[in-house]
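Enquirer: Structure, please.
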Amino acid sequence: MAGCGGGGAPGVGGAGGVVVFTVRWPDLPTPGATAPALIPQAARSIRVALTVANQPVAPEQLVVREAGGPATVQVQFDNVPVTTVTAVATAYPNPDGTGVPLARGTVPIVVQSAQTTRATLVLDSTVDSIEISPSPITVAVNDQQQLTATARDAAGNVVLLTPGALQWQVQPSALAAVDASAVLTGSSAGDGQVIVTDTESGKTDTATLHVDAGGAGTVRGVVTAADTPRAASVTPMAIPVVGATVTTSDGTSVFTTQTGADGSYLLSDIPAGSRVISVSAPGYLTQHHFEVMGTTGLVLNAELGLNPDPSPANPPTVTLDDPTVDNSTGLAVVTGTVTNLDSGSAAFVQNGQESLLPVADGAFRQVVVLQSGANDIVVRATNAAGTTLTRTITINYDAGVTGDFYFRVTFTWDQGSPTNRTDMDLHVWSPSYEHCAYWDKTIACGSLDVDNTQGFGPENFTCTGLESGLFRVAVNFFSAYTQVPTGCVIRVTTGTRAANVVNELRGPHQLTAGNLEGGYPVTVDTASWWRPCDVQLHADGRVTVLPPDTSVPLAGPLAASLESVRAHKR
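Expert: Here you go, the predicted model:
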């Protein structure tokens, strides 16, 4: 950013002078681009002021980078006193000169009569530190991990970084690679580090890296807790939790391990399928994470919160009541009680597959989608003192006797409680575009069973009529008292009316923002909407689960009467 000072120019009255600055904007940021030396690529405006003894001597001027505008812009100050003035320039991320400053610089300029003085003003980055997240990093061979780099100024404010100005490095390089979008892919097993450098500020950060050989049946990660700072201005740091217990089960066996000195753990030989990974430690609230174990290893990091109450001295006590079975719908209701919990959840196990079970005031009620044949039901409860498995209840269900259905879409999610009320909604559009949702649970070919407004689900759409064509499935994060990322899972199963057998899983997929069904009609995935799949029901009764057709906006009654259907939730 160059400037010149002078006097005696035409149009300048009295002894005043003219100061002209020339701003040369850098190229817009592109992945892998070389960062400029003087002005951050992310800058969209610069405020320029002239002062003497910290007092302004001319009105401040704003230089805005116009979209598609010239690469070089001039700004002129008239009637500047003939003396030494200080030029102050500050770069901002927003066109109106607002936001956390990206860079700042000052330079003295001598304004003399009948002379021109040239000066170069270098903007120094305001970035004081840069942080890699997650840290430490754990990934399996051929798996990926999204990395982020957060910059802060000396006051702790987040400073916008230019993606093209970040340089990522893995040491040793054979362990993994980081692409232009900061996605790390594991290459070979081992330990090393990831280094990021902001080339505009010169700041760097380093995170330890572990690349696991992976493979089915392994869960690896790090358990930490936020260290409460002594001063309010200090950002809390994550500290490892030593001796935390990580637990899961299949309803028959309990799989458990403990964290080491660095908070890391490895849980091995876990059966494939749906699992609830419970993380517990004395003095902390137990966490439960719903995950799906597949053909590769799983990485799960957890940050525990302090338990304001004394930790339980004994494992939970669980009672399991005899279930209520409705053979006409293929559903059962299982109830019971749990005492001595230090969280609001337990694990519900059906035929070896775990799902999250909400517990309110020491009681639970779970709607079960019965599979044809034997359904073995167990409840697992875990706290900081240990784990309890209930007796096994077996529900025998003959789908053929009851006539059953063509297919069922079952929706569950991993957040919620009676106080937080994480309200997620299942939406299904029939081939004739009838819209089945919480305000209209029954359509010509099927129905939705419940509107679960507190958490976990399940919500089930059951297709009982042969309407051939494409059924479109969507999930909406309606609302929550506390907005937290919520993992969603869809399972599609067939009944005996179908000509084939289907049992397919989609997810977990994370939604991050409740929006009261905003962003409607549905087209593509957003922070609040997920299109997991479409279900093709053929004229001969065959069922096929397909990728979602996002070329057709999913509209319907909701688009015309959004407020009226939202009223059902209020």
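
Enquirer: Going by contacts, tell me the helices and strands next to the one helix or strand Cys436 maps to.
Expert: Here Cys436 sits within strand 435-436, counting by DSSP states H and E. When contacts are defined as 3 or more Cβ pairs under 8 Å, 6 or more residues apart in numbering; DSSP states H and E, strand 435-436 packs onto strand 423-429, strand 442-443, strand 446-448. (Each C-beta comes from the backbone N, C-alpha and C, glycine too.)

Enquirer: at 7 Å what do you get?
Expert: strand 423-429, strand 446-448 (3 or more Cβ pairs under 7 Å, 6 or more residues apart in numbering; DSSP states H and E).

Enquirer: pLDDT of it, averaged?
Expert: Here strand 435-436 scores 92 as its mean pLDDT.

Enquirer: next one: stretch 441-451
Expert: Across stretch 441-451, pLDDT averages out at 93.

Enquirer: Now do the buried residues in it.
Expert: Taking 16 or more other Cβ atoms under 10 Å as the neighbour-count basis, stretch 441-451 is seen to contain the buried residues Ile443, Cys445, Gly446, Ser447, Leu448, Asp449, Asp451.

Enquirer: Stretch 303-313 now?
Expert: Residues of stretch 303-313 classed as buried by neighbour count (16+ other Cβ under 10 Å): Glu303, Leu304, Asn307, Ser311, Pro312.

Enquirer: pLDDT, distance to Ser129 and secondary structure for the residues you listed - can I get that in JSON lines?
Expert: Listed next are the buried residues of stretch 303-313 as JSON lines, based on pLDDT from 0 to 100; distance: Cβ to Cβ, whole Å; DSSP: H, G, I helix; E, B strand; the rest coil:
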{"residue": "Glu303", "pLDDT": "92", "distance to Ser129": "20", "secondary structure": "strand"}
{"residue": "Leu304", "pLDDT": "94", "distance to Ser129": "25", "secondary structure": "strand"}
{"residue": "Asn307", "pLDDT": "92", "distance to Ser129": "31", "secondary structure": "coil"}
{"residue": "Ser311", "pLDDT": "90", "distance to Ser129": "35", "secondary structure": "coil"}
{"residue": "Pro312", "pLDDT": "93", "distance to Ser129": "40", "secondary structure": "coil"}
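
Enquirer: quick one: Thr106 from Thr51, how far?
Expert: As judged by Cβ to Cβ, to the nearest Å, Thr106 and Thr51 stand 9 Å apart.

Enquirer: Need the overlap of contacts for the two.
Expert: Counting by Cβ atoms under 7 Å, 6 or more residues apart in numbering, the contacts common to Thr106 and Thr51 are Thr86, Val88.

Enquirer: Which of the helices and strands in this protein ranks last by mean pLDDT?
Expert: Of the helices and strands making up the chain, the lowest-confidence element is helix 557-560, at a mean of 43, by mean pLDDT, DSSP states H and E.

Enquirer: what about stretch 46-58, start to end distance?
Expert: Start and end residues of stretch 46-58 are separated by 16 Å (Cα to Cα, to the nearest Å).

Enquirer: That stretch: how far from the chain's middle?
Expert: For stretch 46-58, the distance from its own C-alpha centre to the chain's C-alpha centre is 43 Å (Cα atoms, centre = their mean, to the nearest Å).

Enquirer: what's the answer for stretch 522-535, then?
Expert: Averaging C-alpha positions (Cα atoms, centre = their mean) puts stretch 522-535 15 Å from its chain's average.

Enquirer: got the end-to-end distance for it?
Expert: Distance between the two ends of stretch 522-535: 17 Å, counting by Cα to Cα.

Enquirer: And the contacts of it?
Expert: The set of residues external to stretch 522-535 that reach it, using Cβ under 7 Å, 6+ apart, is 407, 409, 470-477, 488, 490, 492, 506-507, 509, 511-515, 518-519, 543, 545-550, 553-554.

Enquirer: Let's see which of these end up in strands.
Expert: Filtering those for membership in strands, criterion DSSP state E, returns 407, 409, 470-477, 488, 490, 492, 506-507, 509, 511, 543, 545-546.

Enquirer: Mark which of the residues you listed are buried, thanks.
Expert: 407, 409, 470-477, 488, 490, 492, 506-507, 509, 511, 543, 545.

Enquirer: about what we covered before: looking at the buried residues of stretch 303-313, which is nearest His435?
Expert: Glu303 (39.1 Å; Cβ to Cβ).

Enquirer: Contacts only, for that closest one.
Expert: Contacts were defined as Cβ under 7 Å, 6+ apart; by that measure Glu303 touches Thr224, Ala225, Ala226, Ala238.

Enquirer: sorry, back to before: dump the buried residues of stretch 303-313 to a markdown table, plus distance to Pro95.
Expert: Below are these laid out as a markdown table (distance: Cβ to Cβ, whole Å):
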| residue | distance to Pro95 |
| --- | --- |
| Glu303 | 37 |
| Leu304 | 42 |
| Asn307 | 47 |
| Ser311 | 53 |
| Pro312 | 56 |
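
Enquirer: mind listing the helices for this structure?
Expert: Using DSSP state H, the helices assigned to the chain run over residues 399-402, 557-560, 562-566.

Enquirer: got a list of what Tyr265 touches?
Expert: By Cβ under 7 Å, 6+ apart, Tyr265 lies in contact with Arg220, Gly221, Val223, Val246, Thr257, Gln258, Thr259.

Enquirer: Sounds good, over and out.
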